[in-house]
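Chemist: From the sequence below, what's the structure:
(chains A and B)
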Amino acid sequence: QKEVEQNSGPLSVPEGAIASLNCTYSDRGSQSFFWYRQYSGKSPELIMFIYSNGDKEDGRFTAQLNKASQYVSLLIRDSQPSDSATYLCAVKSGSARQLTFGSGTQLTVLP
Amino acid sequence: EPEVTQTPSHQVTQMGQEVILRCVPISNHLYFYWYRQILGQKVEFLVSFYNNEISEKSEIFDDQFSVERPDGSNFTLKIRSTKLEDSAMYFCASRTGMNTEAFFGQGTRLTVV
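Modeler: The predicted model follows:
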């Protein structure tokens, strides 16, 4: 069974700080990794994707991938109260390339 | 910006009734998915659909569930005889190709009473 694990939180950081979200996955053959943001009662919204080992930066967001350790992370710099949401880690797998999601980490950015 | 559209946004149904959840994927997308999220739990894959047939399904997608693309634009999920445990948010997603990103609709909240 392919698993994606995340710390459920809640994670609280002060406004302006760096929020660090972590994820591990069980399927060593996984190639594509995604971070989604989900506000309560809403659908997942794609934040970033990463395919290669190392860092990928997009604005205030940096995704980090370490395939040897089966570890993906998301850093949010200069956190804002509007970043408060649940962050879902997802791994693309299966013959239909469907997404396997972690249970999400609830982030609260305190003003 | 094109988006995946789902209707209705909220459906309340009695246990044992049939429901049909509707999705209009982005027009040039070829791969379609249904996911569900029970309140407080993780998003779970139900089924994928490509070239007018199911390409993969999870163990959740039993004989009570079916999907179809009746007219080349809509993509529907039917639950034949709803159970209380079917209460969840159901998300439709679509993508252009196997290695592209999936876009999610806003979801349908299904409440079975």
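
Chemist: strands paired with the lengthiest strand in chain A, and their directions?
Modeler: The residue-count maximum for a strand in chain A (DSSP state E) belongs to strand A:85-93. Sheet pairing here is set by DSSP bridges, and for strand A:85-93 it gives strand A:32-38 (antiparallel), strand A:98-101 (antiparallel), strand A:105-110 (antiparallel).

Chemist: give me the residue from chain A nearest chain B.
Modeler: residue A:96 (3.6 Å; C-beta to the nearest C-beta). For glycine as for every other residue, the C-beta is placed from the backbone atoms N, C-alpha and C.

Chemist: contacting residues around that residue?
Modeler: B:31, B:33, B:48, B:50, B:55-56 (C-beta atoms under 8 Å, 6 or more residues apart in numbering or on different chains).

Chemist: Output those of those residues also counted as contacts of chain A.
Modeler: B:31, B:33, B:48, B:50, B:55-56 (C-beta under 8 Å from any C-beta of the partner chain).

Chemist: who wins for neighbours among these?
Modeler: residue B:33 (28 neighbours; other C-beta atoms under 10 Å in any protein chain shown).

Chemist: show me what contacts that one?
Modeler: A:96, A:98-99, B:45-49, B:92-94, B:102 are the contacts of residue B:33 under C-beta under 8 Å, 6+ apart.

Chemist: One more: residue A:85?
Modeler: A:37-40, A:106-107.

Chemist: repeat that with 6 Å
Modeler: Counting by C-beta atoms under 6 Å, 6 or more residues apart in numbering or on different chains, residue A:85 makes contact with A:37, A:39.

Chemist: who in chain B is up against chain A?
Modeler: Chain B has residues B:42-43, B:45, B:48, B:55-56, B:91, B:98, B:101, B:104, B:106-107 near chain A, with proximity defined as C-beta under 6 Å from any C-beta of the partner chain.

Chemist: So what's the residue count around residue 69?
Modeler: No chain specified, so I'll use chain A. 9.

Chemist: right idea, wrong chain: chain B
Modeler: Residue B:69: 17 neighbours (other C-beta under 10 Å).
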